[in-house]
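Q: based on what follows, work out the 3D shape:
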Amino acid sequence: MKPEKSQIKQLYQFLGKSGELSQKLKDYEYRPEQIQMAEAVLEVLQEGGILLVEAGTGTGKTLAYLLPSLLANRRVVISTGTKTLQEQIISKDLPLLAQHFPFEAVVMKGRANYLCWRRFNNFLSRPRLDFEGEEELLKEIQHWARQSPAGDKEEFPLLSPEHPVWEKICSDSESCLGTNCPHFSGCFITQLRARAQRADLIIVNHHLFFADLAIRQLGFGEVIPRYRAVIFDEAHLLEDTISDYFGISLSDRRILELARDIQEKSESLSKLEQKELKKTARVIENLTQNLFQELREEFEQESEREEKRLPFALEKLPLSLLHQSEELKTALSRLALILEPKSQEPELYALALRAIKQSQDLDFLFRQDEPDYVYYARLRPKSTVLSASPLEVGPILQKILYPHLESLIFTSATLTTAEKNQPGFSYFKSRLGLESAFCRELWLASSFDWQRQAILFIPDYLPEPDDPEFISQACGVLEKLLSLSKGRAFLLFTSYRHLSAFYQELAPRLKFPCLCQGEAPRSYLLEEFRQVEESVLFATTSFWQGVDVIGPALSLVVIDRLPFNSPSDPLVRARIELLYSRGRNAFLEYQVPSAVIMLRQGLGRLIRSKKDFGALSILDPRILKRSYGKIFLQSLPPMPITQKLEEVERFFQKKQS
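A: Model prediction:
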């Protein structure tokens, strides 16, 4: 069904040159690209189909899909990649639209964001407290929880999501009793789902969306109410998220939590049953600690830093570890068998299900006989995680998502790469299994004047990044660049190794305040950067996207090297090998396009409004000297490119005068 004339009229009445938006926003500027995108979104929501939209920075894409979603008279799920964008939609865009349109919207987050009444009450009944001040903190949580409309952690800033208390009282899928819970009717998750059933718009993030989709496939119900239309914003982040949620993961922390929960919940059993359960739980604790400690020691021999994916190959492990994994699997299965007769007791039955699931996951991870999966480990500060991820996400989506939707929209500021000197969606479509699907494609250039607002500096005289002299020579260039920009810079690095090396050599030489990722939480660093004049922030990939610093506080963005994914990463390596086995050029079809999109994300931190200006710099001379460098350059916004610091100096003098 085509959009009605009245719907198109409403788009123009709100987004047009003299529309309602122009009267509401002080610094409003008409953007024809926004109207163009809004019309395309409305058309797909009404008629059905798939739409791919790259909307350059400054397009106003959130309103360009939110408004059509309200006019389409159907439930639409909006999924974002970052918390920053989700918060913008909640706090800025939806309140603006609510002044003109009647609708009901609900924001759904992952379970761990919400208080669980059952876990909280159990926690309050403990005979001892873990640390000084906890008793007072619990009183404050009680006071907040009684008044809270949603039980959302964001309403209670005294607790960080990683706080040991919050981890023990938040909602948890493994321990949830569902309708068997005595707090079911007053449960914040239950109430959230009821609101979502009535909503026109449901705002989620990619993690929750695909966690929900995975749950549906297992037949465990649903979190998000039924929908037929989805809009994925920041769609360039989808592949990694999907890989996580349709894979298998098991950590020592997860198993140890089960063992501890069992020892706590066994109090309702007979003394004989308690003794058997506690004995089995202690066996599981010991086996888990020994197995994962030895695994960690094996992995640390190859690890440069925590959180990096490391190969998890059975043939490289000592035989003793394989035997230990079998013992642990057997102990978990035994635990489930002991608890099975207690299936009428909801909490004990839930523990039995957890034990079965963990035994199955352990078996999957240590069999490694699924050729369509890649097996790897992550070393985190408090746990070791074993994982298996699908090699390709396209076939999964073709089976369980695409056939069940009427309207599907993918959008981002970075979906395309240069193809025959033109922006093209081939890479994105290939990664998400859309090659054979009919997709409407819309490419909208940024509404910012990059020719006037920015300059790109590439020092072609630097050695390549792997050269031993690269860091020292690059630091000399950076020192001069930062003097021209008067600090006010993001220095973005592709590895923690480079971050540390540059920070140690450069920071002592700078007269500007220096902030370094890892020294404080991300939110604190960003606030400090905005508040402290002439700051320089040293950071890695988590600052490459979803970060907005508008105005002169950010006048320089530097990237140390072209952001190719490491071919030593087991998932990246397996995907490269798969493409080559099919006679494809993995470098040009996978590695280069992936790096192009990441580079565009990083450089996109600079210009966030029409009043912004500044310099971008890529310290990697390969972008000028290698044949594939043209693809990177052609994929960037059109702006002056120079290899001379003098031209950067003239640019800043002109803009600052």
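Q: residues touching residue 58, list them.
A: Contacts for residue 58 (CB atoms under 8 Å, 6 or more residues apart in numbering) come out as 31, 446, 447, 448, 607, 608, 609, 610. In short, each C-beta sits where N, CA and C put it, glycine included.
Q: do that again at 7 Å, thanks
A: 446, 447, 448, 610 (CB atoms under 7 Å, 6 or more residues apart in numbering).
Q: can you give me the strands for the stretch 51-200 of the chain?
A: 76-80, 105-107 (DSSP state E, counting those that start in this stretch).
Q: do the stretch 451-600 of the chain as well
A: 454-457, 489-492, 514-516, 536-539, 556-559.
Q: so which of the ones you listed gets nearest residue 336?
A: Residue 336 lies closest, by CB to CB, to one member of the strands of the stretch 451-600 of the chain: strand 536-539, at 45.0 Å.
Q: and the closest one, what does it pack onto?
A: strand 489-492, helix 496-506, strand 514-516 (3 or more CB pairs under 7 Å, 6 or more residues apart in numbering; DSSP states H and E).
Q: sorry, back to before: out of the contacts of residue 58, which is most surrounded?
A: Among those, residue 448 has the most neighbours (other CB atoms under 10 Å), with 23 neighbours.
Q: nearest residue to it in space, ignoring adjacent ones along the chain?
A: residue 58 (4.6 Å; CB to CB, 6 or more residues apart in numbering).
Q: can you pull the pLDDT of that neighbour?
A: At residue 58, the model reports a pLDDT of 83.
Q: repeat that for residue 162.
A: For residue 162, pLDDT reads 65.
Q: try residue 342
A: Looking at residue 342, the pLDDT reads 68.
Q: for the residue nearest to residue 448, what are phi and psi?
A: With angles defined as degrees, to the nearest 10, residue 58 sits at phi 90, psi 0.
Q: tell me the spacing between it and residue 584.
A: Look at residue 58 and residue 584: by CB to CB, to the nearest Å, they are 35 Å apart.
Q: any low-confidence regions in this structure?
A: Counting by pLDDT under 70, the chain shows low-confidence ranges at 126-133, 160-162, 218-221, 266-270, 302-307, 342-343, 657.
Q: let's see it at 50
A: 127, 305-306 (pLDDT under 50).
Q: need the longest helix for it.
A: As assigned by DSSP state H, the longest helix anywhere in the chain is helix 271-300.
Q: in it, which residues are buried?
A: 273, 276-277, 280-281, 283-285, 287-288, 291-292, 295, 298-299 (16 or more other CB atoms under 10 Å).
Q: residues touching the spatially closest residue to residue 550 that is not a sequence neighbour, list them.
A: Nearest non-adjacent residue to residue 550, counting by CB to CB, 6+ apart: residue 608, 4.7 Å away. Applying CB under 7 Å, 6+ apart, we find residue 608 in contact with 57, 548, 549, 550.
Q: according to the record, where do the domains of this protein fall?
A: Split into domains by automatic domain parsing, the chain comes to 5-104+393-444, 110-184, 248-390, 450-656.
Q: what about the strands in the stretch 301-450 of the chain?
A: Under DSSP E, counting those that start in this stretch, the stretch 301-450 of the chain gives strands at 309-311, 373-380, 383-390, 407-412, 417-419, 422-424, 439-444.
Q: of all these, which lies closest to residue 401?
A: strand 407-412 (8.1 Å).
Q: just to revisit the earlier point, for the residue nearest to residue 448, give its distance to residue 489.
A: When residue 58 is compared with residue 489 (using CB to CB), they lie 21 Å apart.
Q: and what of residue 353?
A: 52 Å.
Q: same thing with residue 621?
A: Residue 621 sits 20 Å away from residue 489, taking CB to CB as the criterion.
Q: show me the contacts for residue 505.
A: Residue 505 neighbours (CB under 7 Å, 6+ apart): 471, 472, 475.
Q: which one of the residues you listed is nearest residue 22?
A: Checking the contacts of residue 505 against residue 22 with CB to CB, the nearest one is residue 475 at 47.3 Å.
Q: that closest one: neighbour count?
A: Residue 475: 18 neighbours (other CB under 10 Å).
Q: so it is in contact with residue 502, correct?
A: Yes - counting by CB atoms under 7 Å, residue 502 is a contact partner of residue 475 at 6.4 Å.
Q: for residue 196, which of the domains of the chain is the nearest?
A: So among the domains of the chain, domain 5-104+393-444 is nearest, using CB to CB, at 9.1 Å.
Q: now do the same end-to-end measure for that closest one.
A: One end of domain 5-104+393-444 to the other measures 24 Å (CA to CA, to the nearest Å).
Q: how far does that domain sit from the chain's center?
A: Distance of domain 5-104+393-444 from the chain centroid (CA atoms, centre = their mean, to the nearest Å) equals 19 Å.
Q: assign a three-state SS to residue 216, would you?
A: Using DSSP: H, G, I helix; E, B strand; the rest coil, the structure places residue 216 in helix.
Q: so it touches residue 225, yeah?
A: No - Residue 216 sits out of contact with residue 225 when judged by CB under 7 Å, with a separation of 11.7 Å.
Q: residue 435 is in contact with residue 428, isn't it?
A: No - if you go by CB under 7 Å, residue 435 and residue 428 don't touch, sitting 10.3 Å apart.
Q: more neighbours, the two?
A: Between residue 435 and residue 428, counted using other CB under 10 Å, residue 428 has the larger neighbour count: 25 against 11.
Q: ranges for the helices of the stretch 101-250 of the chain?
A: Applying DSSP state H, counting those that start in this stretch to the stretch 101-250 of the chain gives helices spanning 117-124, 134-147, 164-169, 188-198, 206-218, 238-245.
Q: tabulate those (a markdown table), appending distance to residue 592 and mean neighbour count.
A: Shown next, in a markdown table, are the helices of the stretch 101-250 of the chain (distance: least, CB to CB, whole Å; neighbours: other CB atoms under 10 Å):
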| stretch | distance to residue 592 | mean neighbour count |
| --- | --- | --- |
| helix 117-124 | 48 | 17 |
| helix 134-147 | 50 | 13 |
| helix 164-169 | 41 | 17 |
| helix 188-198 | 41 | 17 |
| helix 206-218 | 24 | 18 |
| helix 238-245 | 16 | 20 |
